[in-house]
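A.B. asks: Below is the sequence, then the predicted model.
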Amino acid sequence: EFLFKVSFGDGKKSEPASRPGLAILGEDVLKTSGLGNLDTDQLEEALAGNKISIAFEMNDNYFSLSGSSDPKEAKLIFQLIYHYFNDPGYRLEALERTKKLYKQQYESFLRTTEGIMQIKGDFFLAKNDTRFGLPHPDTINQYTLNDIKNWMTPYFQNSPVEISIIGDFDQENIIGLASEYMGVFKKRKTFPNKNISTGKLIFPKGEQLELKLKTKIDQGVVRLAFLTDDFWNIKQTRQLSVLSRVFSERLRIVIREDLGATYSPYAYNDPSKIFKNYGILHVVAKVKPEKHSLVYNKIKDIVDSFLVDGITKRETDLALKPLLKHLKVIRKTNRYWLNSVMANASNYPEKFDWANTIINDYQTITRDDLMLLAKKYLRIDDSALIVIKPVNITE
């Protein structure tokens, strides 16, 4: 078997500003429309008996066609790639089905803490920027196939194309097939500059949002958010991921074990790949409504303890040990090299260097590194608070 990923275009960051949510709709429509001359059922029938898969995906900063194949089917894969670029499917039935499913999903999200966070919480943390959160189904319903076509066609026709392949394959055969099927494309644009910012984002420092959740479950969420930074200072990004792990462990000890107030509090850093200087370290605790204030104050105490008492070497080592073990395992997998290193490397060739430095970067993280980041980013007065509370509903 070999795995492949064809990267092109600018991904979700190129979604038209006047069409919030078009990326959600467009991805599913292109996934389920097959090719122009073959719908998904016909395409599946045509490929029956062949050990291959291929799917369209919108990533933050590039589009892709990816899948897997038996080495003997390499020619068929390149034929499929060729036809996806020259004759992508845009089907009305796929559009209508996607709109219907989106509405169902949106309504179900209003009943879960994670879902309402996606709809309204992410929107709030970007100061109500429409590129965040999930738009109302009424907004999605206004979009047409032409909206998707007008956005995507220039990328299919003009974007430079990068093909990454890993696994069991004959290199000369692959190069020949790439020349035969991709070499016939007309001359395309060069790869774009690394412009990761598509407009400055504002973080709601010191602000609070209360969300009401329609549920019979007597449980809510306290979520504290700290503005950090974007993804591309990779050493800092790695250090912030370890700081989040240390934070998670303190949450576990203080809130779960000492108070018994929540089962699985956690923290994680979410750095943006497409918005400059924007990333958020989230602190999340699921608790009963009557304990919201108590838990919030305990989180504040933990933040204060980072700044006053610091971080111990033991805490740092405890956070790093399982992470390093995990990294050593995933570095042996083809999916890691394809998706985290090779894909879109034409725009970001430094990702190959990052793959070589990842173990050392984590091994050399010290408590002092983490304390510097805690002092830089973990300021309570600059944080944003989201409280999600249940609203009782009857049968």
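C.D. replies: Structure's in. What do you need?

A.B. asks: The stretch 151-300 of the chain: strands as residue ranges?
C.D. replies: In the stretch 151-300 of the chain, the segments counted as strands under DSSP state E, counting those that start in this stretch are 161-167, 208-214, 220-227, 266-271, 279-287.

A.B. asks: so the last one versus strand 220-227, what angle?
C.D. replies: Going back to what we said before, that points to strand 279-287. Orientation check (axes from the mean of the first three to the mean of the last three C-alpha atoms, to 10 degrees): strand 279-287 against strand 220-227 gives 160 degrees.

A.B. asks: packing partners for strand 279-287?
C.D. replies: Judged by 3 or more C-beta pairs under 8 Å, 6 or more residues apart in numbering; DSSP states H and E, strand 279-287 is in contact with strand 220-227, helix 234-251, strand 266-271, helix 292-308. Glycine gets a C-beta too; all of them are placed from N, C-alpha and C.

A.B. asks: who does the first one pair up with?
C.D. replies: By that I understand strand 220-227. Using DSSP bridges, strand 220-227 pairs in its sheet with strand 279-287 (antiparallel), strand 384-391 (antiparallel).

A.B. asks: returning to what we had before: out of the helices and strands packed on strand 279-287, which one sits most buried?
C.D. replies: Comparing the helices and strands packed on strand 279-287 by mean neighbour count (mean count of other C-beta atoms under 10 Å), strand 220-227 ranks first with a mean of 24.

A.B. asks: Render the CA-only coordinates of it in PDB, please.
C.D. replies: Output of strand 220-227 as PDB, limited to C-alpha atoms (Å, rounded to 0.1, in the frame of the first residue of the first chain):
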ATOM      1  CA  GLY A 220     -22.200  23.000  32.700                       C
ATOM      2  CA  VAL A 221     -18.800  24.200  31.800                       C
ATOM      3  CA  VAL A 222     -16.300  26.800  33.000                       C
ATOM      4  CA  ARG A 223     -13.900  27.600  30.200                       C
ATOM      5  CA  LEU A 224     -11.100  30.200  30.700                       C
ATOM      6  CA  ALA A 225      -9.200  31.300  27.500                       C
ATOM      7  CA  PHE A 226      -5.800  33.000  27.300                       C
ATOM      8  CA  LEU A 227      -4.500  34.600  24.100                       C
END
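
A.B. asks: Out of the helices and strands packed on strand 279-287, flag the one nearest residue 149.
C.D. replies: strand 266-271 (31.8 Å; C-beta to C-beta).

A.B. asks: looking at the helices and strands packed on strand 279-287, which is closest to residue 259?
C.D. replies: helix 292-308 (6.8 Å).

A.B. asks: buried sites along the host helix or strand of residue 83?
C.D. replies: Here residue 83 sits within helix 74-86, counting by DSSP states H and E. Under the neighbour-count criterion of 16 or more other C-beta atoms under 10 Å, helix 74-86 has 74, 76, 77, 78, 80, 81, 82, 83, 84, 85 buried.

A.B. asks: Who are the contact partners of residue 355?
C.D. replies: Going by C-beta atoms under 8 Å, 6 or more residues apart in numbering, residue 355 touches 331, 337, 340, 341.

A.B. asks: any chance of the residues you listed in a markdown table, plus neighbour count?
C.D. replies: As requested, the contacts of residue 355 are arranged in a markdown table below (neighbours: other C-beta atoms under 10 Å):
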| residue | neighbour count |
| --- | --- |
| 331 | 14 |
| 337 | 19 |
| 340 | 15 |
| 341 | 20 |
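
A.B. asks: and which of those residues is nearest to residue 189?
C.D. replies: Closest to residue 189, out of all of the contacts of residue 355 and judged by C-beta to C-beta, is residue 341, at 24.1 Å.

A.B. asks: In three-state terms, label the nearest residue to the closest one once chain neighbours are set aside for me.
C.D. replies: Spatial nearest neighbour of residue 341, excluding adjacent residues (C-beta to C-beta, 6 or more residues apart in numbering): residue 355 at 4.6 Å. Of the three states, residue 355 takes helix under DSSP: H, G, I helix; E, B strand; the rest coil.

A.B. asks: Show residues contacting the helix holding residue 83.
C.D. replies: Under C-beta under 8 Å, 6+ apart, the answer for helix 74-86 is 2, 4, 6, 35, 47, 50, 52, 54, 56, 65, 67, 69, 156-157, 161, 163, 169-170, 173-174, 177-178, 180-182, 184-185.
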